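Peer 1: Below are the sequence and a predicted model; questions follow.
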Amino acid sequence: MPDLAAIVIHCRDPYLLAPFWSAVSGLPVVDEDRAKLADRTLGPTEAVLLRDPHGRRPDLWISPTGDLPAPGRIHLDLVGDAEERAAVLEAGATVVRELPRWTVLADPEGNEFCLLPPHEAHAAEPSPGH
């Protein structure tokens, strides 16, 4: 079975979403892209790479595009406790709806993702949106 190498999140504004997803995922923006974000010098179709420096997790690409499908360009299920939930909300996420076993959130551009508590991570069936 192939390994998962990367996840791509299509967006309108990589300057907005790259810092958000870096904070939420814990994956740092690579040095070259961090400088381009700071200087606002990304090309119109240039993606931003978030990479685990230890190579243990898949890369995360924040890729601008002019044609975005509705309702979202991705759907991720994340696992986090109450403290991590607070950090995700502080980073800019909004609560879309509370469900009995998880919470549906949205990033600053409206991409929905789910946050499952640690005890639900392996017991839960796929969340809505899959």
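Peer 2: Thanks, I have it. Residues are numbered from 1 along each chain as shown.
Peer 1: helix, strand or coil for Val88?
Peer 2: Put simply, Val88 is helix when judged by DSSP: H, G, I helix; E, B strand; the rest coil.
Peer 1: give me every residue that touches it.
Peer 2: 24, 78, 80, 105, 115 (C-beta atoms under 8 Å, 6 or more residues apart in numbering). Every residue, glycine included, has its C-beta placed from N, CA and C.
Peer 1: What helix or strand is the fourth one located in?
Peer 2: Here Leu105, judged by DSSP states H and E, is contained in strand 103-106.
Peer 1: Tell me which entries of the contacts of Val88 lie within strands.
Peer 2: Using DSSP state E, 78, 105, 115 are the members of those that sit in strands.
Peer 1: which element is the most centrally placed residue in the chain on?
Peer 2: For the chain, Trp21 is the residue whose C-alpha lies nearest the centre (C-alpha atoms, centre = their mean; 4.3 Å). Secondary structure from DSSP H and E places Trp21 in helix 14-25.
Peer 1: Show me the domain layout of this protein.
Peer 2: 6-64, 77-120 (automatic domain parsing).
Peer 1: Show me where the protein has its strands.
Peer 2: Here the chain has its strands, by DSSP E, at 6-11, 48-50, 59-64, 77-79, 94-98, 103-106, 112-116.
Peer 1: Switch those over to a markdown table; also include distance to Leu37.
Peer 2: Shown next, in a markdown table, are the strands of the chain (distance: least, C-beta to C-beta, whole Å):
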| stretch | distance to Leu37 |
| --- | --- |
| strand 6-11 | 13 |
| strand 48-50 | 7 |
| strand 59-64 | 10 |
| strand 77-79 | 23 |
| strand 94-98 | 22 |
| strand 103-106 | 22 |
| strand 112-116 | 22 |
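Peer 1: Out of the ones you listed, which gets nearest to Val30?
Peer 2: When the strands of the chain are compared by C-beta to C-beta, strand 48-50 sits nearest Val30, at 4.8 Å.
Peer 1: For that closest one, name the packing helices and strands.
Peer 2: helix 14-25, helix 31-39, strand 59-64 (3 or more C-beta pairs under 8 Å, 6 or more residues apart in numbering; DSSP states H and E).
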